[in-house]
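[1] Predicted model and sequence below, questions to follow.
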Amino acid sequence: MISGLFGITLAILQSIGVFTQVDLLILNAYMFIPAVRSVLVIDELLILVWALLSGILILLYGNEKGLLACVGCWIGYILMLILSVRSLQILLPVTAPLIATMMGIIRVMGWGAAFLEREKEQVNKLFGYFLDNEVLKYLIQNPELIQTTGRSKQLTILFADIRGFTAQSESLPPETIIKMLRIYFQHIIPVIRKHGGTVDKLMGDGIMAFFGDPLPQPDHTERAARTAIAMQQIMDMIVKQWEEYGVKGVGIGIGLNTDEVVVGNIGSDEFCDYTVLGRGVNLASRLESKCPAGQIHVSVNVYHALSDKFSFEYLGEFDYKNIQGKVPVYRLIGEKS
């Protein structure tokens with residue numbers, strides 16, 4: 001639309017002779033022909049074509065190939081110009097089509113740069129705090145990996161919550177509680193990001209993450225298991241730092257489940273959250289809810305996926321709220337030596 005309007009404007013200027021003298025100078029027509037004439041209908045059509053062509057070529061072939069295609073078209077057009085002047089004594093427009101071409105290139109490339117910048121901002125907004133920097137850079141370069149609408153995908157979901165923290169922190173000032181939680185999350189979030197996990201939510205002293213999206217990770221269950229083990233190890237150090245605030249003997253319970261879930265942007269245009277939904281998410285949350293401090297409880301899917309690499313203890317079958325039937329539960333102990 002904009003290119004068309006701009007082309008019409010240039011065509012009008014061409015028809016009243018604004019560019020004619022410049023065209024003659026560019027072609028140096030006076031040196032080899034006594035007189036030339038213009039055909040207004042042809043001039044106007046050519047200007048409109050050039051106003052649209054450059055933008056179309058760049059949109060079709062990208063910046064580099066599109067620019068090369070524009071240069072190639074202009075080489076052909078210049079040859080046609082010379083032939084037209086020498087053989088037919090008809091002066092085809094030069095200045096107006098050139099201006100139209102340059103403006104089309106600038107507009108389309110500028111629009112593309114602005115669109116790319118918007119995509120980068122959206123990626124940063126969604127994942128800037130919760131993904132490893134290298135993963136974030138890859139997503140910025142490949143924004144198509146982010147699913148703007150929900151889709152079904154097998155992922156591993158991790159829930160973790162601090163046992164005993166709420167009871168011991170009730171008597172502490174709010175600013176102290178915030179400081180303690182900052183210490184906790186400053187150590188825990190990098191562990192999740194290091195193993196390629198996506199931090200979904202922070203819920204008080206709890207955290208939810210998933211593995212296998214937005215970057216495809218065939219080993220997402222193994223990544224989640226290693227993350228959970230590392231989180232338990234680092235919690236020992238965090239507890240020592242918390243002793244100065246009078247909080248002792250706390251620990252985290254972690255639940256892991258691998259299952260088919262729905263992943264994508266959930267929300268509205270004003271606010272959305274890149275998250276996961278489904279029974280598999282609920283089960284991971286329920287596994288964590290009954291997991292004692294210092295332990296990692298996993299589903300049978302996690303057990304089957306990792307039993308050759310990790311050691312487990314079978315705990316039995318349990319009933320969980322809003323989960324039909326009894327659920328086999330395993331305790332993840334560690335990697336096999």
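    That came through fine.

[2] pretty sure residue 160 is in a strand, no?
    Yes. Under DSSP: H, G, I helix; E, B strand; the rest coil, residue 160 sits within a strand.

[3] Nearest residue to it in space, please, no chain neighbours.
    Nearest residue to residue 160, sequence neighbours excluded (CB to CB, 6 or more residues apart in numbering): residue 254, at 4.6 Å. C-beta: built from backbone N, CA, C; applies to glycine.

[4] any idea how far residue 288 is from that neighbour?
    Computed as CB to CB, to the nearest Å, the residue 254 to residue 288 distance reads 6 Å.

[5] Got the phi and psi for the residue nearest to residue 160?
    For residue 254, the backbone dihedrals (degrees, to the nearest 10) come out as phi -130, psi 140.

[6] quick one on the thing from earlier: tell me, what's touching residue 254 and residue 288 both at once?
    Contact criterion CB atoms under 8 Å, 6 or more residues apart in numbering; residues shared by residue 254 and residue 288: 159, 160, 297.

[7] picking that back up, give me every residue that touches the residue nearest to residue 160.
    Contacts for residue 254 (CB under 8 Å, 6+ apart) come out as 158, 159, 160, 228, 231, 232, 288, 291, 295, 296, 297.

[8] same thing but 6 Å
    160, 228, 296 (CB atoms under 6 Å, 6 or more residues apart in numbering).

[9] and residue 238, what element?
    helix 220-242 (DSSP states H and E).

[10] who touches that helix?
    Counting by CB under 6 Å, 6+ apart, 156, 158, 180, 183-184, 187-188, 191-192, 195-197, 211-212, 252, 254, 256, 258, 296, 302, 305-306, 310 sit against helix 220-242.

[11] now do stretch 174-189
    With contacts defined as CB under 6 Å, 6+ apart, stretch 174-189 is touched by 169, 199, 231, 234, 238, 241, 242, 245.

[12] Most neighbours among the contacts of residue 254, which one?
    With neighbours taken as other CB atoms under 10 Å, the top of those is residue 296, carrying 29 neighbours.

[13] pLDDT of the helix or strand hosting residue 190, averaged?
    Taking DSSP H and E as the definition, residue 190 sits inside helix 174-194. What helix 174-194 shows for mean pLDDT is 91.

[14] tilt between it and helix 220-242?
    Helix 174-194 and helix 220-242 are oriented at 150 degrees to each other (axes from the mean of the first three to the mean of the last three CA atoms, to 10 degrees).

[15] Could I get the buried residue list for helix 174-194?
    177, 180, 181, 184, 188, 189, 191, 192, 193 (16 or more other CB atoms under 10 Å).
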